[in-house]
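Trainee: next input, structure requested:
(chains A and B)
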Amino acid sequence: MLEPGEQFRRLSWTTAGLVAALVPHMAHLRIWVTGFVLAACVWRLLAERRGWRLPGVALRTAIALGATAGVITSYSTITGLDGGTALLALMAALKLLETRAPRDHVVLIFIGWFLCLAAFLYAQDIRTVAFVLPTVWLLAAALLEVARRGHGLAPAPFRATGAMLVKALPLAFVLFLFFPRIAGSFWGAPSSERALTGLTDEMSPGDISDLTLNDTVAFRVRFKGSPPPPSERYWRGPVLNEFDGYTWSRGEIQFHDRPLVRYLGQSIDYTVTLEPTGQRMLFALDMVEEWPAAMAQRSWDFQLRTRNPVNSVLQYDARSYPRYQAGTQNSPALRNSNLQLAPGRNPRSIQLARSMRRAAGSEREFARSVLAMFREQDFYYTLAPPGLERDSVDDFLFNTRQGFCGHFASAFTMMMRAGGVPARVVGGYQGGDWNPIGGYLILRQSHAHAWSEVWLPDSGWTRIDPTAAVAPERIERGLTAEISGDGLREGGLTRDGGLYWQAGMIWDSVNAHWNDWVVQFNRLQQEELLREIGFDDPDWQDLALVLGVGLGAALALLSGWLAWEFRPRRPDPVTANYRRFVQRLARRGVEKSPHEAPRDFAARVRHLRPDLAPAASAITELYLQLRYLPVHGARDLMLLRALVRRFNP
Amino acid sequence: MRLTGFLRQRVRNWIRRRQGPDRGPVTLRRGRIYILPTSLGVAFGLMLFAMLLGSLNYANNLGLGLTFLLASLGLVTMQACHRNLETLIVSEAGTESPFAGQEAIFQLAFSNPGRAARCDLEAATSVMAADPVSIAAGGEAAVNLRVATRRRGWVLLDRVEIATRFPYGLFRAWAVLHPDRRCLVYPRPADTAPPPPPAPGASGAGAMRRGDDDFAGLKDYHPGDAPRHIAWKAYAKGGELLVKEFSGAAEPVPIFDLAQVPGPDLESRLSVLARWIVDAEARGETFGLRLPGLEIPPQPGRQQRRRCLAALAEYQTVGPVDA
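Mentor: This next block holds a predicted model:
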């Protein structure tokens, strides 16, 4: 039976591991879940200290039912990632309330490890790993503490576990590299859309200016050749077709037609590593020609749409043509869907647009005249525009006249529609920070942008960026240069030069490599690796072979390591000398049996070889003295050594 | 249940055949250490499998990495568990004969010749287990295997398992020893016994008591001879241990005779004899023992007590009882 102090120790270890496993989830768990789990931990420890009674079956059942009901109410499911994690955490808390036996501790530790796994389903960045790895270690140390049986000589749990984890690393590394990855999944990937910062399928005035202060990386792009100039870096995201007078949205009506695209000029090949967006879209340069068909489809408005929300880092290759002709043979239905106006809203703007259209000779000229209006009249480009009324375009065009890319795109697109030109708002990212250390382009949330796409009879869908008319520097040099005068983003990461900037770029390229080599490590990279090793056409059998050989080598290394740790001690000089004496006698046929005490052996020697008796007795007595008497000098040892050396039967 | 019992017996017999009996200190080598996952280890494996499926399903490399790290940790603990036993030296350290009803103690000595400590080593027979012990590098530890006894006679320690679950309890490594050690259980001294019959005087069959009065000569030393009778001078000269013998006036000494003990059955009569022997030795008296077909001449001392009790214990016993 365990002493009370011992039980408390174990509980402390297990609870500490559990709380650490919970920390990465605190950001997304409902506050009552976190609160309940922490309260249960504190209560259980106090109960152990103070000798309180643990709750009975009835109370525990009630709490379990209440917790499940709470999860269903808060998350409306118990199977999704969020709901499942919450339920797991709550069950751990419940288990803690009845924890007595080692078996209960083990269940808690296992739940802790599952929480660690769940943390990786939420985020796979370096910071998460840096936190979760010590947690895994802590939980393993707790298991060591729980599994302890004897008293005394207990190894320090944290250190002993650390030593074992270090020994486990080579094996884990081999498994990670060569364990076959499957394509696809056994059951549905989590499909819940998560609230992450970034572009969505909706845009209201002011949405994008919220993003401009956010330095979070949206995606990184590596180009096969040289990157396109900043003015061509338009990364198409959500295309917004529907307007209610205030908010643009993707729209209910979707078409199955796929308008023809003619690609012109040079292609650009690149690889995008997309951070989780929680949305069903990929970003690509206009106009994308090739993309992984298994991942996404190109919709009628040239968006790359995925079947499931992108909830983990995703990497894809794509090819785009900056020059193209899209949808010149557009069906009228497709065109007309982009002429819709919110009935009865923004009447002044519509009137203005119609008169401008009448004055212009062609659609193209009409567009130019609207851009000229933005440029020549007192419209201001600002990060902090005033709020807009319900008829947002009227309010913007005739009152505030201050806006961000979203305002200009919104007003321009609506005016085009009012003038009978099919038009839509395109959201996405524009520009990017070049990372000279890693040689890739970083697109941050602050690069979020909105522009307009109009359909012209001669060139099809054509991009027009009204922001460029008002603030061309925004497009050419990026946002920072444009607005740093406002003092809003003084010294941000995106400013060139400086130690801070360099450190930021180095850290970003570490993250990019992490994404490329760890998070995105997949079958293709495995094959690449096998080719490097020397397999010409690697298949799964080669993979199994390499995995087997690698594991064998790692295991051999491990057992060699352990054998070295457990290697026999060198005998102390006293024993060594006595052993030499015994060996010399053995050569003369007088063998000491292992259980024979030295004096008994000496007596036997006396009997069998009376001639050796004096020396044997002397050596034996001296040996016993050195061995068992508390005090003896160095001279005795020298004497023993000399006696044994001279003992040559 | 019966099937597992049968299988277990088969495995035990197979192990016995391949290892043979053990005499003297045994070093636990690779060939005699067996290892299997415990139920906790199986649960751990199932957990890893669930983690693997989840990580593969979500194509989550870090989840896979975590799964592989834990799986490797499991493999490391398997090796560590095996290593915890390997090269351990187990030797027999002695037995202590009890009276029937007390515990027989088989003592084992573990010694750790390696440079790393070994933790939580357990020794067990099929019915009982000793407390787990840990041994520092180069250290030794004694383990007492206590066996409850009910009847006099031989108790056999025929099979000992040395096992460990260290470090995580995921695996259990064990080695089997067949030491073929016996321990004699003496009959329990009767709680109440009639006084022994008086010695049959000078005319009786009692042997001459060797007294302390007159020096009679020297004889070879045997363990149990009184140290004060050792001829130290002779030892100093010749180096051989001799014992001085004396003869004194003949004095009647008791010989406890089974035939003279009243009692309902053999066991209770043996118990009475045991009581007489224990009491006589405690008083420092000289005594002898006569059983049908066996006579132990009178002697004083601990050695005599042991000899007589052993004779009682072995008298008309069947085979040894398995501990």
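Trainee: find the residue closest to residue A:530 in space, skipping its chain neighbours.
Mentor: If the residues on either side of it in the chain are set aside, residue A:530 comes closest to residue A:538, at 3.7 Å by CB to CB, 6 or more residues apart in numbering or on different chains. In short, each C-beta sits where N, CA and C put it, glycine included.
Trainee: which SS class is residue B:244?
Mentor: Counting by DSSP: H, G, I helix; E, B strand; the rest coil, the backbone at residue B:244 sits in strand.
Trainee: roughly how far apart are it and chain A?
Mentor: With the distance defined as CB to the nearest CB, to the nearest Å, residue B:244 ends up 20 Å from chain A.
Trainee: re earlier: got a pLDDT number for the residue nearest to residue A:530?
Mentor: Residue A:538 is assigned 79 on the pLDDT scale.
Trainee: kindly report the same for residue A:427.
Mentor: Here the pLDDT value assigned to residue A:427 is 91.
Trainee: residue A:39 now?
Mentor: Listed pLDDT for residue A:39 reads 94.
Trainee: and it, how many neighbours?
Mentor: Counted by other CB atoms under 10 Å in any protein chain shown, the residues lying close to residue A:39 total 11.
Trainee: next: residue A:534.
Mentor: Residue A:534 has 8 nearby residues by other CB under 10 Å.
Trainee: ok, now residue A:610?
Mentor: Per other CB under 10 Å, the neighbour tally for residue A:610 reads 10.
Trainee: so which residue is dead centre in the chain?
Mentor: No chain specified, so I'll use chain A. The residue lying closest to the centre of chain A (CA atoms, centre = their mean) is residue A:124, at 1.0 Å.
Trainee: was after chain B, sorry
Mentor: Most central in chain B (CA atoms, centre = their mean) works out to residue B:106, at 2.1 Å.
Trainee: so who does that residue touch?
Mentor: Residues in contact with residue B:106 (CB atoms under 8 Å, 6 or more residues apart in numbering or on different chains) are B:92, B:95, B:144-145, B:147, B:157, B:181, B:183, B:323.
Trainee: among these, which ones lie close to chain A?
Mentor: Restricting the contacts of residue B:106 to those near chain A by CB under 8 Å from any CB of the partner chain leaves residue B:92.
Trainee: verify the stated contact: residue B:61 with residue A:520.
Mentor: Yes. Here residue B:61 reaches residue A:520: they are 7.5 Å apart, a contact under CB atoms under 8 Å.
Trainee: mutual contacts of the two, please.
Mentor: With CB under 8 Å, 6+ apart, residue B:61 and residue A:520 have no common neighbours.
Trainee: the lowest-mean-pLDDT helix or strand in chain A: what's the following helix or strand?
Mentor: Ranked by mean pLDDT, DSSP states H and E, the helix or strand of chain A with the weakest confidence is helix A:479-483, at a mean of 44. Following helix A:479-483 in sequence order, the next helix or strand is helix A:499-514 (DSSP states H and E).
Trainee: other SSEs contacting that following helix?
Mentor: Here helix A:499-514 touches helix A:126-147, strand A:217-223, strand A:433-435, strand A:440-444, going by 3 or more CB pairs under 8 Å, 6 or more residues apart in numbering or on different chains; DSSP states H and E.
Trainee: if I pick the residue in the stretch 151-300 of chain B that chain A sits nearest to, what's in contact with it?
Mentor: The stretch 151-300 of chain B approaches chain A most closely through residue B:169 (3.6 Å), counting by CB to the nearest CB. Taking CB under 8 Å, 6+ apart, we find residue B:169 in contact with A:102, A:143, A:146-147, B:38, B:40-41.
Trainee: who's in contact with the residue nearest to residue B:300 when sequence neighbours are not counted?
Mentor: Once flanking residues are discounted, residue B:300 sits nearest to residue B:286: 4.4 Å by CB to CB, 6+ apart. Residues in contact with residue B:286, defined by CB under 8 Å, 6+ apart, are B:209, B:253, B:280, B:298-300, B:304.
Trainee: and those residues as JSON lines, adding pLDDT?
Mentor: JSON lines is the format used below for the contacts of residue B:286 (pLDDT from 0 to 100):
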{"residue": "B:209", "pLDDT": "46"}
{"residue": "B:253", "pLDDT": "72"}
{"residue": "B:280", "pLDDT": "88"}
{"residue": "B:298", "pLDDT": "86"}
{"residue": "B:299", "pLDDT": "85"}
{"residue": "B:300", "pLDDT": "85"}
{"residue": "B:304", "pLDDT": "89"}
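Trainee: what residues does the stretch 1-150 of chain A have near chain B?
Mentor: Residues of the stretch 1-150 of chain A found near chain B (CB under 8 Å from any CB) are A:102, A:106, A:110, A:113-114, A:116-117, A:120-121, A:124, A:128-129, A:132, A:136, A:140, A:143-144, A:146-150.
Trainee: returning to that earlier point: of the contacts of residue B:286, which count as buried by neighbour count?
Mentor: Listed as buried from those are B:209, B:253, B:280, B:298-300, B:304; burial here means 16 or more other CB atoms under 10 Å in any protein chain shown.
Trainee: residues near residue A:608, how many?
Mentor: The number of residues near residue A:608, taken as other CB under 10 Å, comes to 13.
Trainee: ok, it to residue A:616 distance?
Mentor: Look at residue A:608 and residue A:616: by CB to CB, to the nearest Å, they are 10 Å apart.
Trainee: now do residue B:279
Mentor: Counting by CB to CB, the gap between residue B:279 and residue A:616 amounts to 45 Å.
Trainee: ok, now residue A:203?
Mentor: Counting by CB to CB, the separation of residue A:203 from residue A:616 is 101 Å.
Trainee: for residue B:183, grab phi and psi.
Mentor: phi -140, psi 130 (degrees, to the nearest 10).
Trainee: who touches it in this structure?
Mentor: Residue B:183 makes contact with B:95-98, B:104-106, B:147, B:154-155, B:157, B:323 under the criterion CB under 8 Å, 6+ apart.
Trainee: can you flag the buried ones in those?
Mentor: By neighbour count, with 16+ other CB under 10 Å, the contacts of residue B:183 hold B:95, B:97-98, B:104-106, B:147, B:154-155, B:157, B:323 as buried.
Trainee: any idea which of the residues you listed the model trusts least?
Mentor: Among those, residue B:323 carries the weakest pLDDT, at 60.
Trainee: what angle separates the helix or strand harbouring residue A:239 from strand A:217-223?
Mentor: Assigned by DSSP H and E, residue A:239 falls within strand A:234-240. Using axes from the mean of the first three to the mean of the last three CA atoms, to 10 degrees, the inter-axis angle of strand A:234-240 relative to strand A:217-223 is 130 degrees.
Trainee: partners of strand A:234-240, with directions?
Mentor: For strand A:234-240, the paired strands and their directions (DSSP bridges) are strand A:284-285 (antiparallel), strand A:423-430 (antiparallel).
Trainee: as JSON lines, these with distance to residue B:130 and mean neighbour count would be great.
Mentor: Shown next, in JSON lines, are those (distance: least, CB to CB, whole Å; neighbours: other CB atoms under 10 Å in any protein chain shown):
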{"stretch": "strand A:284-285", "distance to residue B:130": "71", "mean neighbour count": "25"}
{"stretch": "strand A:423-430", "distance to residue B:130": "71", "mean neighbour count": "25"}
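Trainee: can you put the ones you listed in a markdown table and add distance to residue A:623?
Mentor: Output for the strands paired with strand A:234-240, formatted as a markdown table (distance: least, CB to CB, whole Å):
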| stretch | distance to residue A:623 |
| --- | --- |
| strand A:284-285 | 85 |
| strand A:423-430 | 84 |
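Trainee: name the residues of the stretch 251-400 of chain A found near chain B, please.
Mentor: Contact residues, the stretch 251-400 of chain A versus chain B (CB under 8 Å from any CB): residue A:312.
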